[in-house]
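Predicted model and sequence below, questions to follow.
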2 protein chains.
Amino acid sequence: MGIVVQKFGGTSVANAERIMNVANIVTEKYKQGNNMVVVVSAQGDTTDDLIEKANEINPHPSKREMDVLLSTGEQISIALLAMAIEKLGFPAVSLTGWQAGFVTNSAHSAARIRSIQKERIEKELDQRKIVVVAGFQGLNRYDDITTLGRGGSDTSAVALAAALRADLCQIYTDVDGVYTADPRKVPTAKKLEEVTFDEMLELATLGAQVLNNRSVELAKKYNVNLEVLSSLERKPGTVVKEVVKMEKMLIKGVAKDSNVARISVMGVPDVPGIAYKIFSSLAAKNIDVDIILQSIGRENTKDIAFTVNSGNLEAAMEVCNVFKDTLGAMAVLCDDQVAKVSVVGAGMQSHPGVAATMFGALADANINIRMISTSEIKISVLIDKEKADTAVQVIHDAFIH
Amino acid sequence: MGIVVQKFGGTSVANAERIMNVANIVTEKYKQGNNMVVVVSAQGDTTDDLIEKANEINPHPSKREMDVLLSTGEQISIALLAMAIEKLGFPAVSLTGWQAGFVTNSAHSAARIRSIQKERIEKELDQRKIVVVAGFQGLNRYDDITTLGRGGSDTSAVALAAALRADLCQIYTDVDGVYTADPRKVPTAKKLEEVTFDEMLELATLGAQVLNNRSVELAKKYNVNLEVLSSLERKPGTVVKEVVKMEKMLIKGVAKDSNVARISVMGVPDVPGIAYKIFSSLAAKNIDVDIILQSIGRENTKDIAFTVNSGNLEAAMEVCNVFKDTLGAMAVLCDDQVAKVSVVGAGMQSHPGVAATMFGALADANINIRMISTSEIKISVLIDKEKADTAVQVIHDAFIH
């Protein structure tokens, strides 16, 4: 008994049958006495279809107009789900992002939620209505429609759960929980009953596509009780929370990110301030840098290598090529045929065996490690892209039996 | 130079090519120095597709949710048209019904415009932006999305033109103006250069589907300069205004309405108050009555016959069957195999030859007249439905050479 926020992604509402299925899930929880707020994404391929419509007219539409266009996708979903709930005989009301009180900044297509004016939702909940909210969208201070960017419906749901102090936030998706690796690629992958926010965050950032990472950050910040589960099968999912039961399993997952590229700035003078100059220039262009490796200097020069998201490779190369001239670097090289593979698990730093096991598994599979990065809860290695799937499999099998 | 409101219907924005065509029409007028407000409908079959989606889930969805669903159709159109205008290098901004300030009552699916809060549009026009507005929709006082009902985009456009005191309101459609009869059925039909509001209103009400009649009423009330023209061909359309140039042509058009049914209440007592009782009861059920015919009383009884919209036939029969008992009528008969054919033209009442010509043409074609109704600017006859097209043709040819 309390407030439950549920979120259903595009595949969960892809057609009439699935929408009725969602209506059943929602009303079951409602019948138990809960106040229900349901966040939905656009149906199946709707967003892609709308993008194609736009591209036929203007390959470079303004982001403001793109947001007006794309926000219709969720608006269609909320109306249909509300109709499905009404069909089952329960009271429902659909609310667009702006009706639900989502106030965002003005970064069209990647807006951040500033606040949620929850009066309207609370009014509807007081009348025991099931409130169906359009995810992924909001309104900026100029009364213009904004979208949160892809995957933003997860963020909408968690933000609502935080604002309403919901007892539970259930993220329904097309997988039935968080696995130790991508179960479509690693048949031996196991489902986790529980995972901490930090572990989930690493897994999300590393390319485990279950939950949008902004939503996990938000859930951690406001300590939202999060559960990831499947809309297609009725079984328990994975609970994401601050502290989890001690399990035998130290490693929570193995994840792959193929969307990376490596840049090497070769032969820069070995004097103080060089790294600062490079990385502050990259930051100024909004380019996030992930793994950084600096060679031990010799002959008064050193090499600095780092990874960026593939999408930022071109922009990052432009920045670095400037340094080639001003700093006197010998060369700037790049390589996008790489992938990052990581093991994640709280407390692994106090278990030195983890790194050894990981590196051993890679060596046995004859996979060369090109960069290494470690944090309190993860170890990442950069390897050849074509060997990434094999790497995930062998690392997974080394840890999880 | 001034403010021009243009409206484009669903066929005019049906695909990318047509939207670019609309963008060209709009920007041409903009380049002449006009401030442009453009109202658009949903693309082609979008509305029907959305209705089908709803019906798959719930054959009787609430009207509130239906409005949330259907309003996405115009929202897609405005974004795409704004992108097309941007593509041509002109500044554009799309506004949904609520962003454009349309305040309506709460009659979901058939809402009436209460007012237009025009601050946002004026702000955008001040910045010389081309403002693209979603027709057919608004917001009620509870911040719920409403729609004006089918054809409502015409009304949106005229209401905006009135609120903004626009110099001209151009309704672009898939025909190039108002004709003396439906040109698809009457090959000899001629396009009118000008027509008065009253004539247009009769033509619209009588089933000439060029303009939604609420929009004509509104244009007459606020004396909006209206022009009906084609988005597909660049040629002058028909101007609708208060006073038109005297033309040789007395008859402005011949129109057919097949959507009628006749009810006859036979043998009611010939005492005062009978007609009042019948027609006030029908009005109480919101049933509009059109032609009324009352027989000359004989043997202390009389017959009362009238026509209603076919959609109201069942409800009207229920009302009349009550009278059969309480008033002691002998029988209540109905007939939906009828059609109404009318000639429209200002000043025809002072030309007695009009009725004679019309009735003569019908007699020559062996078409029986079952009811007659006249007003200052029209003569309508009720005839067999199967002969309606022939009737339109012969009447048209009798008047328009």
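Thanks, I have it. Residues are numbered from 1 along each chain as shown, chains lettered A, B, ... in the order given.

is it true that A:Val228 touches A:Asp174?
No. Distance between A:Val228 and A:Asp174: 11.0 Å, which falls outside the contact criterion (CB atoms under 8 Å). For the C-beta atoms, the positions are set from N, CA and C on the backbone; glycine is no exception.

more neighbours, these two?
Each of A:Val228 and A:Asp174 has its neighbours counted (other CB atoms under 10 Å in any protein chain shown); A:Val228 has more, 25 against 14.

secondary structure class for that one?
Here A:Val228 is strand, with the state taken from DSSP: H, G, I helix; E, B strand; the rest coil.

For it, name its beta-bridge partners.
Counting by DSSP bridges, A:Val228 forms beta bridges with A:Ile171, A:Thr238.

pLDDT score assigned to it?
On pLDDT, A:Val228 comes in at 91.

which residues touch it?
Neighbouring residues of A:Val228 by CB atoms under 8 Å, 6 or more residues apart in numbering or on different chains: A:Ile171, A:Thr173, A:Val175, A:Gly177, A:Val178, A:Val210, A:Leu211, A:Gly237, A:Thr238, A:Val240.

wait, isn't A:Gln337 in contact with A:Ile383?
No. Using CB under 8 Å, A:Gln337 makes no contact with A:Ile383, being 10.2 Å away.

Just want to know which of these two has more residues nearby.
A:Ile383 (21 against 10).

the helices in the stretch 301-401 of chain A, which residues?
A:313-326, A:353-364, A:388-399 (DSSP state H, counting those that start in this stretch).

Indicate which one of these is closest to A:Val216.
The closest of the helices of the stretch 301-401 of chain A to A:Val216 is helix A:388-399. By CB to CB, the value is 20.8 Å.

Tell me which other helices or strands that closest one touches.
Counting by 3 or more CB pairs under 8 Å, 6 or more residues apart in numbering or on different chains; DSSP states H and E, the packing neighbours recorded for helix A:388-399 are strand A:253-269, strand A:331-344, helix A:353-364.

Nearest to B:Phe399, out of those?
Comparing the helices and strands packed on helix A:388-399 by CB to CB, strand A:253-269 comes nearest, at 73.1 Å.

Could you list the buried residues of that closest one?
If you call a residue buried by 16 or more other CB atoms under 10 Å in any protein chain shown, then strand A:253-269 has these buried ones: A:253-258, A:260-268.

Quick check: residues of chain A near chain B?
By CB under 8 Å from any CB of the partner chain, the part of chain A that sits against chain B consists of A:16, A:19-20, A:50, A:53-54, A:56-58, A:61-62, A:64-66, A:68-69, A:71-72, A:75-76, A:78-80, A:82-84, A:86-87, A:92-94, A:96, A:99, A:120, A:143-145.

Select only the buried ones of the residues you listed in ChimeraX?
A single ChimeraX command selects the buried members of the residues of chain A next to chain B (16+ other CB under 10 Å):
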select /A:16,19,20,50,53,54,56,57,58,61,62,64,65,66,68,69,71,72,75,76,78,79,80,82,83,84,86,87,92,93,94,96,99,120,144,145
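
before we move on, back to that, okay, the helices of the stretch 301-401 of chain A in a markdown table with mean neighbour count and mean pLDDT next?
Below are the helices of the stretch 301-401 of chain A laid out as a markdown table (neighbours: other CB atoms under 10 Å in any protein chain shown; pLDDT from 0 to 100):
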| stretch | mean neighbour count | mean pLDDT |
| --- | --- | --- |
| helix A:313-326 | 15 | 87 |
| helix A:353-364 | 16 | 85 |
| helix A:388-399 | 21 | 91 |
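
want to throw these into JSON lines with distance to B:Ser295?
Listed next are those as JSON lines, based on distance: least, CB to CB, whole Å:
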{"stretch": "helix A:313-326", "distance to B:Ser295": "87"}
{"stretch": "helix A:353-364", "distance to B:Ser295": "100"}
{"stretch": "helix A:388-399", "distance to B:Ser295": "89"}
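
so which of these gets nearest B:Ile25?
Comparing those against B:Ile25 with CB to CB, the closest turns out to be helix A:313-326 (39.0 Å).

relative to strand A:331-344, how tilted is the closest one?
If you take axes from the mean of the first three to the mean of the last three CA atoms, to 10 degrees, helix A:313-326 sits at 130 degrees to strand A:331-344.

Which other helices and strands does helix A:313-326 contact?
Packing contacts for helix A:313-326, counted by 3+ CB pairs under 8 Å, 6+ apart, involve strand A:253-269, helix A:274-284, strand A:331-344.

Quick one: mean pLDDT over the last one.
Right, strand A:331-344. 91.

do the longest one as well
pLDDT averaged over strand A:253-269 equals 88, rounded to a whole number.

quick one, that strand and helix A:313-326 angle?
Using the same axes, to 10 degrees, the inter-axis angle of strand A:253-269 relative to helix A:313-326 is 20 degrees.

hang on, the earlier thing: quick check: helices, which of the residues of chain A next to chain B are part of them?
By the criterion of DSSP state H, membership of the residues of chain A next to chain B in helices covers A:16, A:19-20, A:50, A:53-54, A:56-57, A:64-66, A:68-69, A:71-72, A:75-76, A:78-80, A:82-84, A:86-87, A:120.

Now tabulate the helices and strands packed on helix A:388-399 in a markdown table and tack on distance to B:Leu313.
Output for the helices and strands packed on helix A:388-399, formatted as a markdown table (distance: least, CB to CB, whole Å):
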| stretch | distance to B:Leu313 |
| --- | --- |
| strand A:253-269 | 64 |
| strand A:331-344 | 70 |
| helix A:353-364 | 79 |
